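>>> Take this sequence and fold it.
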Amino acid sequence: MLLDRLKDDLKTAQLGRDEVKVSTLRLLLSEIKNAQIAKGGEVDDGDVIALVQREVKKRKEAVVSFRSGQREDLVSKEEAEEKILVEYLPAQLSNEELTKLILDTINEVGAKSIQDIGKVMRVVMSKVAGRVDGGTVSNLVREILG
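Below is the predicted model of the structure:
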C-alpha cells in the first residue's frame, strides 16, 4: 500500500538526514491523516494518489508565484519537494496514449460535439486516475471535440 511506502520512506529519510524529504513526507502524511479524519476511516491508494497530485499542483503553482517574485531560493525548494512527491504518482500517460484513450472514449459514449465534453471527461478521468492532470485531459478533449 502506498501509505506504508510513504511511512517507510520517511523513516529512511530520517535516518539519512534528508531534511527536504523528511519535511515533504511529514507534510504529506499530515494531509493523509486529515483526509482519514474527514472520511471517518482509512484512505485507499486512490485517495493517497489524489492527495499527492494536489500537493504536486500546489508546488507547481508556488514555483510560478516565486519566479514572478524573483525568489529563486524558494523556487528551488518547491521544485525539490515536487520532485520527491512525483515519485509517488503512477507512471504518467504519454500524449499519444492519452489521445488514443480519448478517441476511444468519444466513440464509446457517442460524443458528437463540444456539448458532450462532460460525458467524455467523466469516463476518461475514471480511466486515467492519477496518471494525467485533469487540465491536460480537458484541453485535449476540447481540441478533439471542437
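>>> Show me what counts as buried in stretch 109-127.
Using 16 or more other C-beta atoms under 10 Å as the burial criterion, the residues of stretch 109-127 that qualify are 111, 117, 120-121, 123-125, 127. To be clear about C-beta, it is placed using only N, CA and C from the backbone, and glycine gets the same treatment.
>>> residues in contact with the residue nearest the centre of the chain?
For the chain, the residue nearest the mean C-alpha position is Q53 (2.2 Å; C-alpha atoms, centre = their mean). With contact set as C-beta atoms under 8 Å, 6 or more residues apart in numbering, Q53 has these partners: 89, 130, 133.
>>> Show the pLDDT at the residue nearest to G110 when sequence neighbours are not counted.
Ranked by C-beta to C-beta, 6 or more residues apart in numbering and with sequence neighbours excluded, the top spatial neighbour of G110 is D116, at 7.8 Å. According to the prediction, D116 has pLDDT 85.
>>> Please, which helix or strand holds L74?
Under the criterion of DSSP states H and E, L74 resides in helix 72-86.
>>> So which residues make contact with that helix?
Taking C-beta under 8 Å, 6+ apart as the criterion, the residues outside helix 72-86 that touch it are 20-21, 23-25, 28, 52, 55-56, 59-60, 62-63, 66-67.
>>> who's in contact with the residue nearest to L10 when sequence neighbours are not counted?
Of all residues beyond its chain neighbours, the one nearest L10 is L25 (4.3 Å), with distances taken as C-beta to C-beta, 6+ apart. Each residue near L25 by C-beta under 8 Å, 6+ apart is listed here: 6, 9-10, 13, 84.
>>> I'm done for today, thanks for sticking with me.
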